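J.: pasting the sequence and the predicted model now:
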Amino acid sequence: MEKPETAFKLARGQLNALGALGSLMHAQGQVGKAMDDLAAASAALRAEWGSESDILSALAQAFADLDTALAGDAPTVHSVGGRALAD
């Protein structure tokens, strides 16, 4: 038969283990929430950067078209009386 003191120490160790397990489960929940928040933030950044990339691509194409027009490689468009005329 176990002595009461031995049984108490054994039970205390088991309770400590349960407490540690509870703490780990709580930490797992917090880490999971943080990962969800991080995933949402990265998705928002990807969407924002995608929009900015589209704008920058359009702007780069506009400058390339301007360079071509200024170099004289493209026909110049003139307007006379509201009517567009090409050279």
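T.: Alright, I've got the coordinates. Keep in mind that this is a model prediction, so the values were computed, not measured.
J.: show me what the strand or helix carrying Ser53 is packed against.
T.: Here Ser53 sits within helix 4-71, counting by DSSP states H and E. Packing partners of helix 4-71 (3 or more C-beta pairs under 8 Å, 6 or more residues apart in numbering; DSSP states H and E): none among the helices and strands. Placement of C-beta: from N, CA and C, glycine included.
J.: from Ala58, how far off is Lys33?
T.: Distance, Lys33 to Ala58, using C-beta to C-beta, to the nearest Å: 38 Å.
J.: pLDDT score for His78?
T.: What the model reports as pLDDT for His78 is 56.
J.: what does Ala40 give?
T.: Per-residue pLDDT puts Ala40 at 94.
J.: distance of it relative to Leu15?
T.: 38 Å.
J.: same check, this time on Glu5
T.: In terms of C-beta to C-beta, Glu5 sits 15 Å off from Leu15.
J.: before we move on, what about Asp65?
T.: Asp65 is 75 Å from Leu15, by C-beta to C-beta.
J.: hmm, which helix or strand of the protein has the shakiest average pLDDT?
T.: strand 77-80 (a mean of 55; mean pLDDT, DSSP states H and E).
J.: residue contacts, Asp36?
T.: Going by C-beta atoms under 8 Å, 6 or more residues apart in numbering, Asp36 touches no other residue.
J.: what residue ranges in this protein score low on pLDDT?
T.: Regions of the chain meeting the criterion pLDDT under 70 cover residues 1-2, 73-87.
J.: ok, now with 80
T.: Within the chain, the set of residues satisfying pLDDT under 80 comprises 1-2, 4-11, 13, 15, 72-87.
J.: all set now, cheers.
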